[in-house]
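Enquirer: would you be able to build a 3D model of this:
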Amino acid sequence: MDLFVVILLITVALAFDYINGFHDAANSIATVVSTRVLSPGKAVIWAAFFNFVAAFAFGTAVARTIGSGMIDIHAVTFAVIFAGLVGAIAWDLITWYWGLPTSSSHALIGGYAGAAITKAGFSVIIPSGWTKTLVFTVVSPVIGLVAGLVLMVLIYWVCAPMAPARVDKWFRRLQLLSAAFFSLNHGANDAQKTMGIIAGVLFTAGYLQGEFRVPIWVVLLAHAAISLGTLSGGWRIIHTMGSRITKLQPVNGFAAETGAASALLLATSFGIPVSTTHAITGAIVGVGATRRWSAVRWGVAGQIVWAWLLTIPAAAAIGAGTYIVLRFFGFA
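Expert: Residues are numbered from 1 along each chain as shown. From the prediction side, this is the model:
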């Protein structure tokens, strides 16, 4: 019975990972598609490739934070993990339907926490893991915004003597590199969240022999799932990210992707599960603001921020509700 449940939970976790890639494809390719550097089909292949390559370039610090650094792993049961995943998947699908670029990462930790608290109370929360994650909820979009803005100012200063056509030609090429850099960091941070959940399943089932770690096959599976999801592309959100916040040219796309990727790289190096959505949205706003304040559609940005604020509590509520249903029917 336990083996069947373990396989079921790993399958559900990989389904979340796929939806994460599908939902967050906009983060990786919206700028490169909206600037017409790549067609949508080529863009998702480009992003998916670098999502997978990230498996061989980064460690598992973020996975350890998700798996054992935010919720007391000894209080976790199969029902808690399943309910947490349902909370995350449901919120991702709701926000995808409305075309809102919210954080799959925050949906996951929200759903997981909601289910765990319902089972064992607030004592299961590990404050240190939550503190750094919540701090980066604010810090990552700010880093993205500042980095995007500063890069745009530097580019304007360096490229001022050049003909616009020449600048456009060069940045069409450079945006391929910035899109790859962002997709690499997107895969590195986001795939590790599913690794952490799967490792939690294995730990709870006793397959890790008392030591919390992430086996290599879990690393490869998680990166494969998120890459396949990115390959599918969530086009509703791509439209929001690529054209509704501000109008982008190749030079703007390069600055936004590079700025956001820098924020992700910093967070991943410290083992902090952050939102790629927050980082790239902040960077796009920063890039748009260099042209003029009104170049940013602040109404759209405001809707996105409200969705960000709702993500953790909404996913937590769904996770808690799912756990209550499981308990009512005797599965918890």
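
Enquirer: residue 326 is in what secondary structure piece?
Expert: helix 298-328 (DSSP states H and E).

Enquirer: what comes up buried for that helix?
Expert: Using 16 or more other C-beta atoms under 10 Å as the test for burial, helix 298-328 gives 300-301, 303-304, 307-308, 310-312, 314-323, 326. Where you see a C-beta, it was placed from the backbone N, CA and C, and this is true even at glycine.

Enquirer: so how far is that helix off the chain centroid?
Expert: On the basis of C-alpha atoms, centre = their mean, to the nearest Å, helix 298-328 sits 15 Å off its chain's mean C-alpha point.

Enquirer: for that helix, which helices and strands make contact with it?
Expert: The helices and strands touching helix 298-328, judged by 3 or more C-beta pairs under 8 Å, 6 or more residues apart in numbering; DSSP states H and E, are helix 78-97, helix 104-120, helix 276-289.

Enquirer: at 10 Å instead, please
Expert: Applying 3 or more C-beta pairs under 10 Å, 6 or more residues apart in numbering; DSSP states H and E, we find helix 298-328 packed against helix 78-97, helix 104-120, helix 127-159, helix 276-289.

Enquirer: and the angle for the longest one with helix 276-289?
Expert: Spelled out, that is helix 127-159. 30 degrees (axes from the mean of the first three to the mean of the last three C-alpha atoms, to 10 degrees).

Enquirer: pLDDT of whichever helix or strand comes after helix 127-159, averaged?
Expert: Later in the chain than helix 127-159, the nearest helix or strand by DSSP H and E is helix 164-205. The average pLDDT within helix 164-205 is 91.

Enquirer: centre of the chain versus helix 164-205, how much separation?
Expert: The mean C-alpha position of helix 164-205 is separated from the chain mean by 9 Å, C-alpha atoms, centre = their mean.

Enquirer: can you check stretch 133-148 too?
Expert: 13 Å.

Enquirer: buried residues in that stretch?
Expert: 133, 136-137, 139-141, 143-148.

Enquirer: still on that earlier bit, and the helices and strands packed on helix 298-328, which is most packed in?
Expert: helix 276-289 (a mean of 30; mean count of other C-beta atoms under 10 Å).

Enquirer: and residue 31, how close does it get to residue 280?
Expert: 8 Å (C-beta to C-beta, to the nearest Å).

Enquirer: between these two, which contacts overlap?
Expert: 182, 241, 256-257, 260 (C-beta atoms under 10 Å, 6 or more residues apart in numbering).

Enquirer: show me the contacts for residue 65.
Expert: Here residue 65 is in contact with 109, 126, 128-129, 132-133, 192-193, 196, 270-273 (C-beta under 10 Å, 6+ apart).

Enquirer: residue 34 versus the closest residue in space to it that isn't next to it in sequence, what's the distance?
Expert: Spatial nearest neighbour of residue 65, excluding adjacent residues (C-beta to C-beta, 6 or more residues apart in numbering): residue 271 at 5.0 Å. Residue 271 is 32 Å from residue 34, where distance means C-beta to C-beta.

Enquirer: low-scoring stretches of the chain, by residue?
Expert: For the chain, applying pLDDT under 70 flags the ranges 1, 26-28, 233-247, 292-301, 303-304.

Enquirer: with neighbour numbers in mind, choose between residue 271 and residue 34.
Expert: Set residue 271 next to residue 34 and count neighbours by other C-beta atoms under 10 Å: residue 34 wins out with 24 against 19.

Enquirer: pretty sure the more buried one contacts residue 287?
Expert: No: taking C-beta atoms under 10 Å as the definition, residue 34 is not a contact partner of residue 287, at 11.9 Å.
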